[in-house]
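Asker: this is a predicted model, with the sequence first.
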Amino acid sequence: MKWHGRGRTRTYAVGALALLAAATGCGGGGSGAGPAGAAATTPAAAREPSRAASPAPATTPAAVPAAGDAAAWAKWNLKPLPPAPAAPADKPVKLERTGTVPVFSEVKTTDKVVFLTIDDGAEKDPKFVEMLTDLKVPVSMFLTRDIVKDNYGYFKPLQALGNHIHNHTVDHAQMSKVPPEKQKSEICDAQSALTQQYGSAPLLFRPPYGDGANTPALNTAVQQCGPRAIVLWRESMQIHDMQYQAADKKLRPGDIVLAHFRGPKDLKGETMTQMFGELLARVQEQGFAVARLEDYIQAPAS
């Protein structure tokens, strides 16, 4: 299997996302504790292998948006992000059609970009569809079948913008706490439903809480059901700021950021668009662009 992302065998910190977990119990990041099922004996140095020594990021040019784009960002009271570079011809992550699937929480790149991922699907705010239509910021959606099945249609306009839909189980089970057959049904049944509803099979899988990500049982279940990688994260969005796994609380090129479809009930009165706007502002303050995760992944040959 060829896979060129960083940290394939490392332990990933996920921590407890106490506030946002209340609605559907999805995990956050940055407490220093690894996800359930990860090797507890992995030393700290192995968990954070020389991220500071990564190749210098490519310089991203300052944003010079078209007038319409500038107006769109102003509509949401945001400063424009730098434009993302062209998708690399040589994809940093190369997935194989069979065999063990890789586990990763960032993509090896010198492009000064991060990747935004949104989990679950609990909040279905029409204003968020309007926001992404205006701003054209790419996201990857990891949907939980039983959370979205009351309104599969909500996510179709987001998909039509070029955003991909991936697998986040049937009912948000904590995977290391259920037997292998249940793990398989959680992934396979969600895979079937999402494929039927959205017309393409999810390429990626994310376990709730990041739980069991590095266990052989979960890897086997993912292989049996169709996704070809397990995707974790380096930062998780709270309400106004991100929770970082890195001690210096800074983004790195290629980081994957976790957010959730959440609304006022779980965001202390903030809306989904307000939370996402805060996320974009934090990315913009650090000078990063947002790229599409799938543009950096080579899917298996059919």
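Answerer: Here it is on my side, so go on.

Asker: what's the mean pLDDT across the helix or strand where residue 224 lies?
Answerer: Secondary structure assignment for residue 224, by DSSP states H and E: helix 216-225. Average pLDDT, helix 216-225: 98.

Asker: packing partners for it?
Answerer: helix 180-198, strand 229-231 (3 or more CB pairs under 8 Å, 6 or more residues apart in numbering; DSSP states H and E). Where you see a C-beta, it was placed from the backbone N, CA and C, and this is true even at glycine.

Asker: burial measure for residue 250, as a count.
Answerer: By the measure other CB atoms under 10 Å, the count of residues near residue 250 is 12.

Asker: how much space between it and residue 223?
Answerer: Distance check for residue 250 against residue 223: by CB to CB, to the nearest Å, it reads 35 Å.

Asker: ok, residue 85 next?
Answerer: Taken as CB to CB, the span from residue 85 to residue 223 is 33 Å.

Asker: tell me the gap between the helix or strand residue 277 falls within and the middle of its chain.
Answerer: Applying DSSP H and E as the criterion places residue 277 in helix 272-285. The chain centroid and the centroid of helix 272-285 are separated by 15 Å, computed with CA atoms, centre = their mean, to the nearest Å.

Asker: got the CA coordinates for that helix in PDB?
Answerer: Extracted C-alpha coordinates of helix 272-285, given in PDB (Å, rounded to 0.1, in the frame of the first residue of the first chain):
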ATOM      1  CA  MET A 272     -24.100  27.400  12.600                       C
ATOM      2  CA  THR A 273     -23.100  30.300  10.300                       C
ATOM      3  CA  GLN A 274     -21.700  32.300  13.200                       C
ATOM      4  CA  MET A 275     -19.600  29.300  14.400                       C
ATOM      5  CA  PHE A 276     -18.400  28.600  10.900                       C
ATOM      6  CA  GLY A 277     -17.600  32.300  10.400                       C
ATOM      7  CA  GLU A 278     -15.500  32.200  13.500                       C
ATOM      8  CA  LEU A 279     -13.700  29.200  12.100                       C
ATOM      9  CA  LEU A 280     -12.900  31.000   8.800                       C
ATOM     10  CA  ALA A 281     -11.800  34.000  10.800                       C
ATOM     11  CA  ARG A 282      -9.300  31.900  12.800                       C
ATOM     12  CA  VAL A 283      -8.000  30.400   9.600                       C
ATOM     13  CA  GLN A 284      -7.700  33.800   7.900                       C
ATOM     14  CA  GLU A 285      -5.800  35.300  10.900                       C
END
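
Asker: can you tell me the SS state at the residue most central in space within the chain?
Answerer: For the chain, the residue nearest the mean C-alpha position is residue 117 (3.0 Å; CA atoms, centre = their mean). Following DSSP: H, G, I helix; E, B strand; the rest coil, the label given to residue 117 is strand.
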